[in-house]
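K.L.:
Build the 3D model from these lines:
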Amino acid sequence: MGEAKGTGTKLYCGMVVMLIMGMSFYANASGDPAMTTWRINQSGDMGQSTDPDIHAVVSQVPADVQTVYFNETDVYVDATSIPSHPVGPFLDGNPSIPVQVDRTFRIPRTTPGIAGSHTDTGLGAIGVFANGIVMYNMSDATSYENEGVWNSNAIIKRGPGMDDAGGHPSPIGQGPPPGVEAYAHTHVGMDEDHTHATDEKAEIVEGFYHYHQQPSALREQLGDDGVAHSPILGFVFDGIPLYGPYGYDNTNGTGGVVRMESSYRLRSITTRTTLPDGSPVAVNLQGPPVNNEYPLGYFIEDHEFVDSLGHLDLFNGRFAVTPEYPEGVYAYYATIDDSGNSAYPYLLGEQYYGVPLNDNVSDTVTKPGGLTLYEPAEEEEDIQIVVSDAFAEAGNPFTLTAPAGTNYQWKFDGAPLSDDPPRRTGTASQALVFAELELGDAGTYTVVYDNGATKAIVESPGYYLDVLPVGSLPISSPGSLLALIGLILIIGTIAVALKQDRVKKED
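P.N.:
Okay, the predicted model is just below:
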């Protein structure tokens, strides 16, 4: 767990142990999230599915991100559009099977500023996740009676056809993928307007896999479970990072880790005769009444933004301190409700906060000359951590420092800690700081953090801190201090076994 530092006058360190257990790391790690966020496929992983027809196609495709190149201004990410987590089945009658679609994305290495005017996200890809799968906005690309006024919410309308990972494919071809029969199997799902169950054969065509919402399987691969600040899940095409659903309660990085809540809510309506801004809709353009067929939330216009209702703004982001940006950054957050289900607007609002890069939006990114290949180091078996045990008197300051990394969450006797300022701070930072120890602070401390390597979230071995009553260990002379040190050295000869760090790796 890193070194323990006590700044008070009565700190006693005993049985100091250095444990060499290795650490996965990037050979040329720069700390630049635009470079280090990506899940680069170094082990030859291929796509997979529990559906035999889908598996026959995706299992032939290298998964996730293939290569990352960079120069002084930009990072270039090459991906196949097939993730390493299982895809499908898609149970709404969707005839598409995800196929390899090679794309290159350009991510600027400098954090962009606010746009002078904001651009609608529009249909199609608006960003890319860490596994190379693109993100779409909340729209289904259809509207009530095709009038473009009441626009369908993709998560509600197409949700039954999204797989357990939160994604689905959109048709991009006129025929089946190579090696798959045109009518390979029966789809049980929704009919043409996606409102009623059907059981019919569907022609299988090539599809482009994407997410409209928080990618639950990717989050699981990244260890995004709410214990610590969410990792960066990807980048939007305006160069702004998208985090998972957990962040610091306060924008200055204090207050512990909480679920980020959007400032959108369902409108209190039973008829669809006005828009979210209150403007009336012409009679011939009014939507259907709220009912079982078109429940509240079925359309994007069923939602309204209420400033400061949650943590996030109109664009579903905020400026705040994050582990990767200790000075603060504007970032979007993928939102979920208190049950863990995706929550509107899911990824972004209806507009970008920044200025989207046109070559990303139009899929016309070209690599310039003189790029450098980013090469993560091979994973090593061990992790290098310095572990110390100590005891100190109540009333003194004390600091525990973890190794270098990101996304810290300190635990006390196995339970996550939260800040209790000013006495205890840094529970989600590298250094856990006690301004003044109390007897109740005695116990075992561990820290969960991202060690900067691909596929590795680390939890340190236990570190036991004993807090003694004030005045119980007075040091009145150098002789008494030497005697104490001698006793510690004797105790320190007892063999101490420490468990190796637990490293959670992707499937």
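
K.L.:
Low-confidence stretches in this protein?
P.N.:
1-30, 113, 115, 173-203, 377-390, 452-457, 471-507 (pLDDT under 70).

K.L.:
Pick out the residue nearest the middle of it.
P.N.:
Gly244 (3.4 Å; Cα atoms, centre = their mean).

K.L.:
Distance of the nearest residue to it once chain neighbours are set aside relative to Glu436?
P.N.:
Closest residue to Gly244 apart from its sequence neighbours, by Cβ to Cβ, 6 or more residues apart in numbering: Ser230 at 2.9 Å. (Glycine included, C-beta is placed from N, CA and C.) Ser230 sits at a distance of 31 Å from Glu436 (criterion: Cβ to Cβ, to the nearest Å).

K.L.:
Can you list the buried residues in stretch 350-365?
P.N.:
Neighbour counts over stretch 350-365 (16 or more other Cβ atoms under 10 Å) mark Glu350, Gln351, Tyr352, Tyr353, Gly354, Val355, Pro356, Leu357, Asn360, Val361, Val365 as buried.

K.L.:
can you redo those as TSV with distance to Gln60 and secondary structure?
P.N.:
TSV is the format used below for the buried residues of stretch 350-365 (distance: Cβ to Cβ, whole Å; DSSP: H, G, I helix; E, B strand; the rest coil):
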residue	distance to Gln60	secondary structure
Glu350	37	coil
Gln351	38	strand
Tyr352	35	coil
Tyr353	38	coil
Gly354	37	coil
Val355	38	coil
Pro356	33	coil
Leu357	31	coil
Asn360	27	helix
Val361	29	helix
Val365	25	coil
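
K.L.:
sorry, back to before: tell me which of Ser230 and Glu436 has more neighbours.
P.N.:
Each of Ser230 and Glu436 has its neighbours counted (other Cβ atoms under 10 Å); Ser230 has more, 27 against 14.

K.L.:
hang on, isn't the more buried one packed against Tyr248?
P.N.:
No - under the criterion of Cβ atoms under 8 Å, Ser230 makes no contact with Tyr248, lying 10.3 Å away.

K.L.:
closest to Ala130 among the buried residues of stretch 350-365?
P.N.:
Asn360 (15.6 Å; Cβ to Cβ).

K.L.:
mind listing what the closest one touches?
P.N.:
Contacts for Asn360 (Cβ atoms under 8 Å, 6 or more residues apart in numbering) come out as Phe105, Arg106, Ala125, Val128, Phe237.

K.L.:
Find the pair from the residues you listed with maximum spatial separation.
P.N.:
Farthest-apart pair in these is Arg106 and Ala125; separation 12.8 Å (Cβ to Cβ).

K.L.:
circling back: so which of the contacts of Asn360 comes closest to Thr142?
P.N.:
Taking Cβ to Cβ as the measure, Ala125 is the one of these closest to Thr142, at 18.0 Å.

K.L.:
burial count for the closest one?
P.N.:
By the criterion of other Cβ under 10 Å, Ala125 has 22 neighbours.

K.L.:
Then Ala392?
P.N.:
Neighbour count for Ala392, taken as other Cβ under 10 Å: 25.

K.L.:
now it: how far from Ser308?
P.N.:
Applying Cβ to Cβ to Ala392 and Ser308 gives a distance of 42 Å.

K.L.:
ditto for Gly161
P.N.:
From Gly161 to Ser308 the distance is 35 Å (Cβ to Cβ).

K.L.:
Between the two, tell me which one has more neighbours.
P.N.:
More neighbours surround Gly161 than the other of Gly161 and Ser308, with 20 against 8 (other Cβ under 10 Å).

K.L.:
tell me the SS of Thr322?
P.N.:
Recorded secondary structure, Thr322: coil (DSSP: H, G, I helix; E, B strand; the rest coil).

K.L.:
what about Pro403, which helix or strand?
P.N.:
Per DSSP states H and E: Pro403 is located in neither a helix nor a strand.

K.L.:
Next, count neighbours for it.
P.N.:
The number of residues packed near Pro403 is 19, by other Cβ under 10 Å.

K.L.:
Quick check: it touching Asn451?
P.N.:
Yes - assessed by Cβ under 8 Å, Pro403 is found in contact with Asn451 at 7.1 Å.

K.L.:
all strands of the stretch 151-300 of the chain, in order?
P.N.:
Listed in chain order, the strands of the stretch 151-300 of the chain (DSSP state E, counting those that start in this stretch) span 151-153, 167-171, 186-190, 197-201, 205-211, 232-236, 241-243, 246-248, 257-259, 264-266.

K.L.:
how about those strands in CSV, adding distance to Tyr445 and mean neighbour count?
P.N.:
Conversion of the strands of the stretch 151-300 of the chain to CSV gives the following (distance: least, Cβ to Cβ, whole Å; neighbours: other Cβ atoms under 10 Å):
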stretch, distance to Tyr445, mean neighbour count
strand 151-153, 45, 21
strand 167-171, 39, 22
strand 186-190, 50, 17
strand 197-201, 54, 11
strand 205-211, 37, 24
strand 232-236, 27, 27
strand 241-243, 26, 25
strand 246-248, 20, 24
strand 257-259, 17, 19
strand 264-266, 39, 17
